[in-house]
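Enquirer: return atomic coordinates for the entry below.
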Amino acid sequence: MKHALLIIAAVAGITIFSARVIVPLATGTQAINIIGSSMEPTLPIGAISYARPVHSTGIEPGDIITFQTSQGPVTHRILADVTGNGDLWTTKGDANAERDAQLLTPENIIGQVETYLPLLGTISQVLAEPVVIAFVVLLVLAILVWPHAPTSRVHH
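Expert: Sure thing, here's the model as predicted:
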């Protein structure tokens, strides 16, 4: 039982580390947690999306991009190039009824979304919480250090 729990913890840790660190380093992308429902069902809540840096002239209507706003990164679909030269874009979440009010400028573009992994964003976000980290560390230490409970024998 002890070894099974350690193996599960190790596999989970390696999976999250790979999704958050190794994949972006190997692919030249940035990992972004999808925390809202505006792109469902295309990008489900809790997914990690991978956005590759791109120049504004390299995107076109229909592309999914991540861009910086005052509230943090947002991932939406490009609707149109307003000026025709890549200086201003309209965007919209697939699940939203209206397009975004703010026009997108090239300096706000983080990258174009290439792919995503479902659920790993939520899991990595939860595991990054200090309370959860402390709990996991204590749990692993308890599994490793806790002595086997002595078996009591009844002597007659």
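Enquirer: which residue is the nearest non-sequential neighbour of residue 118?
Expert: In space, and not counting its chain neighbours, residue 118 is closest to residue 47: 4.9 Å by C-beta to C-beta, 6 or more residues apart in numbering. For every residue, glycine as well, the C-beta is placed using N, CA and C.
Enquirer: what separates that neighbour from residue 117, distance-wise?
Expert: 6 Å (C-beta to C-beta, to the nearest Å).
Enquirer: looking at this, residue 14 is in a helix?
Expert: Yes: per DSSP: H, G, I helix; E, B strand; the rest coil, residue 14 lies within a helix segment.
Enquirer: related to what we said a few turns ago, who's more crowded, residue 47 and residue 117?
Expert: Taking neighbours as other C-beta atoms under 10 Å, residue 47 and residue 117 compare with residue 47 leading, 23 against 18.
Enquirer: what's the spacing between that one and residue 137?
Expert: Counting by C-beta to C-beta - residue 47 and residue 137 are separated by 27 Å.
Enquirer: can you check residue 93 too?
Expert: Taking C-beta to C-beta, one finds residue 93 at 38 Å from residue 137.
Enquirer: tell me which of those two has more neighbours.
Expert: Legend: neighbour count by other C-beta under 10 Å for residue 93 and residue 137, higher for residue 93 (21 against 10).
Enquirer: tell me who's in contact with that one.
Expert: 36, 38, 39, 76, 77, 100 (C-beta atoms under 8 Å, 6 or more residues apart in numbering).
Enquirer: the nearest residue to the fourth one once chain neighbours are set aside: neighbour count?
Expert: The one in question is residue 76. The spatially closest residue to residue 76, leaving aside those adjacent along the chain, is residue 91, at 4.2 Å (C-beta to C-beta, 6+ apart). Neighbour count of residue 91, defined by other C-beta under 10 Å: 22.
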